[in-house]
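> How does the following fold in three dimensions:
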Amino acid sequence: MNHHLIDLAWAVVVFVAHLLTALRALTRPNRSPASRIAWLAVIMLVPVAGMIGYLLLGETSIGRARMERVRKAEKSMALPPDEDFRPQQVTPMAASLFDLCSSINPFKVVSGNRITLLGDPDAPASEPKRNSLKAVDQLIADIGLAQEQVHIAVYIWLDDDVGRRLAAAVCEAAQRGVTCRVMVDSLGSRDFIRSATFKQMRSAGAHLHATLADISRLRHMAFSRVDLRDHRKMVVIDNRIAFCGSQNFASPEFRVKPKFAPWIDVLLRIEGPLVRQMQYLFLSGWIPETGESGLEHLPAQSPVHPIENGCTAQAFKTGPTGRHNSMSDMFVACIYAARRELLITTPYFVPDEPMLRALCAAAQRGVKTTLIFPKRNDSWLVGNACRSTYLDLLTSGVCVYEYPLGILHTKSMTLDGEITLIGSANMDRRSLELNYENNLLIADAPFTRTIHERQQGYLSVSHPVQLEAVRAWPLHARLVQNVINMMAPVL
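Residues are numbered from 1 along each chain as shown. Here you go, the predicted model:
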């Protein structure tokens, strides 16, 4: 009899837990209908595994204590100066996009920036590695000239030839008295954190921190997703020069996944008032993560010298401590803003419904819409989810190309030859909902032409995807792709 009562009690506990988990999946705020349906299906079809999966992956909260630290830091930090750098003239299309940026982070659009696409402009499309290595050379040279601070936030830092060269530059700067603060993601750079190179940087005097290292601990699991990541990529030197883009601190051969190499990236070098916004973005991550005080004044410190006839631009970051859906809103707004041409490169394409519909609508209203993806994706799940969208895109008139020479890791969008959206964010659910990301919105025709030329280089060696070929895919391939895409809100 006692055994029957125990079994009954356990059954009641499991039933109540199952019911509460399903209710939470249905009622959690800031969740799309597709995500609610996907999670409810998993929880109901595989109850125990579904509940465990939801415990680990169902919540996107970063934790109440961390949220409070972030808000306290942002409230105490000086905003970058912008009154003297407002652009005299901005097109209505660009102005509305900059207003959206200002709703994400407390900045205003600033003019007088020099933004340089690094690499070798004469490198042929068949030699994509040359641009990445040339960009690293410039970054190392600027770290070598630093006098006050070197601030680095990067998702992946590998202990390879490029990673060690960058670490040596940081060590040398720290040893001559430059304050070096380095944030690496605790998952993306997990091997580097355990390396002798990392220890050498600390011994040289660099201040090092592995971000989100505590997010997978047991006490967080019921309240936050265990795979939230800091995917940002930025460097700020002396409040005077900044770098951002898609490039991690690793060789293009990317030795942890060599069969997909090379990784094809972009890195931008920035001078002007935009650098202060980048400084703010770095410190808004560093201060709440490390607790270091006395840095709140840096984004507004010392005079800024605008560049004559410079670019008009704005920086912004998104993530689990910011406004929900803000990166998706920015992508969608840019897509709808295009009137003539839209050219996009991204390695990971798992769009939410508003983004997919915006892309299809762009082509249907006469915008020349082109997407370039890697032919081989290092994520089997993402590759299949991406291909599940091809039929919708192609039947709407979107041109889809696949890049065959490696992982096209550049995340770029150009609109009408006038506006560029570029940075660390992919067009997938991770970047839209889970990761910390940093991007730039730039309204400058000459700079956009430079990015467009780089995109055209990718396009020149890419293969078009034909609608007839997609329609001829076997049933089992389409079934796998569509099931994976349906579960994308869970994954």
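> domain ranges for this structure?
2-57, 64-312, 326-486 (automatic domain parsing).
> End to end on the longest one, go ahead and measure it.
Pointing back at domain 64-312 there. 36 Å (CA to CA, to the nearest Å).
> so for it, what's the average pLDDT?
The predicted model assigns domain 64-312 a mean pLDDT of 90.
> What of the shortest one?
The predicted model gives domain 2-57 an average pLDDT of 70.
> Same question for stretch 355-363.
The model assigns stretch 355-363 a mean pLDDT of 97.
> Only alpha carbons, please: show it as CSV.
Extracted C-alpha coordinates of stretch 355-363, given in CSV (Å, rounded to 0.1, in the frame of the first residue of the first chain):
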residue,chain,number,x,y,z
MET,A,355,12.4,39.1,-41.0
LEU,A,356,11.6,36.4,-43.5
ARG,A,357,8.4,38.1,-44.6
ALA,A,358,10.2,41.5,-44.9
LEU,A,359,12.8,39.9,-47.2
CYS,A,360,10.1,38.3,-49.4
ALA,A,361,8.2,41.5,-49.5
ALA,A,362,11.3,43.5,-50.5
ALA,A,363,11.7,41.4,-53.6
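> Which among the domains of the chain is found nearest to Pro320?
Pro320 sits nearest to domain 64-312 of all those, at 5.7 Å, using CB to CB. Quick note: C-beta positions are derived from backbone N, CA and C, even for glycine.
> Distance check, Val16 against Ala41.
20 Å (CB to CB, to the nearest Å).
> Those two - which one has more neighbours?
Neighbours per residue (other CB atoms under 10 Å) separate Val16 from Ala41, with Ala41 holding more: 15 against 10.
> Shouldn't that one be within a helix?
Yes - counting by DSSP: H, G, I helix; E, B strand; the rest coil, Ala41 is part of a helix.
> if we can go back for a sec, nearest to Gly319 among the domains of the chain would be which one?
domain 326-486 (3.6 Å).
> So which residue is smack in the middle of the chain?
Centroid-nearest residue in the chain, with CA atoms, centre = their mean: Ala425, separated by 2.6 Å.
> How confident was the prediction at it?
Ala425 is assigned 97 on the pLDDT scale.
> That one: which element?
Ala425 belongs to no helix or strand when assigned by DSSP states H and E.
> Using neighbour counts, pick out the buried residues of stretch 391-408.
Buried positions in stretch 391-408, judged by neighbour count with 16 or more other CB atoms under 10 Å: 391, 393-394, 396-403, 405-408.
> what's the answer for stretch 37-44, then?
Of the residues in stretch 37-44, 38-40, 42-43 count as buried by neighbour count, 16+ other CB under 10 Å.
> between those, which is nearest Ile372?
Distances from Ile372 to those, taken by CB to CB, are shortest for Ala38, at 28.1 Å.
> So that closest one lies in a helix, does it not?
Yes - using three-state DSSP, the secondary structure at Ala38 is a helix.
> So it sits against Met486, correct?
Yes - in this structure, Ala38 is within contact of Met486 by CB atoms under 8 Å, at 6.6 Å.
> Spatially nearest residue to Cys386, not counting backbone neighbours?
Leaving out its chain neighbours, the residue that sits closest to Cys386 by CB to CB, 6 or more residues apart in numbering is Phe349, at 4.4 Å.
> follow-up on the earlier one: quick one: the residue nearest to the centre of the chain and Thr318 touch, right?
Yes - Ala425 lies in contact with Thr318 (CB under 8 Å); the separation is 7.2 Å.
> Overlap of the contact sets of these two?
Listed contacts common to Ala425 and Thr318 are 327, 437, 439; contacts here mean CB atoms under 8 Å, 6 or more residues apart in numbering.
> now, among these, which is nearest to Ala362?
Met327 (18.1 Å).
> State the three-state secondary structure for the closest one.
At Met327, secondary structure determined by three-state DSSP is helix.
> residues in contact with it?
Applying CB under 8 Å, 6+ apart to Met327 gives the contacts 318, 425, 431-432, 437, 439.
> just His231 next, same as before
Counting by CB under 8 Å, 6+ apart, His231 makes contact with 155, 185, 188, 424-425, 430-431, 435-437.
> Burial check on the nearest residue to it once chain neighbours are set aside, number of neighbours?
Among residues not flanking His231 along the chain, Asn435 sits closest, at 3.9 Å (CB to CB, 6+ apart). Neighbours of Asn435 under the rule other CB under 10 Å: 24.
> repeat for Gly177
10.
> for Asp329, same thing?
Asp329 has 18 nearby residues by other CB under 10 Å.
> Show me what Ile237 bridges to in the sheet.
Judged by DSSP bridges, the bridge partners of Ile237 are Val150, Ile241.
> Quick one: residues contacting it.
With the criterion set at CB under 8 Å, 6+ apart, Ile237 makes contact with 142-143, 145-146, 149-151.
> Buried members of these into ChimeraX, please.
In ChimeraX, a selection of the buried entries from these looks like this (16+ other CB under 10 Å):
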select :142,143,146,149,150,151
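> which one of the contacts of Ile237 is nearest Gly163?
Nearest to Gly163 among the contacts of Ile237: Ile143, at 13.5 Å, using CB to CB.
> Leu145 - nearest residue in space that isn't next to it in sequence?
Ile237 (7.9 Å).
> now Trp157
That would be Phe249: by CB to CB, 6+ apart, it lies 4.1 Å from Trp157.
> One more: Asp160?
Ser251 (4.8 Å).
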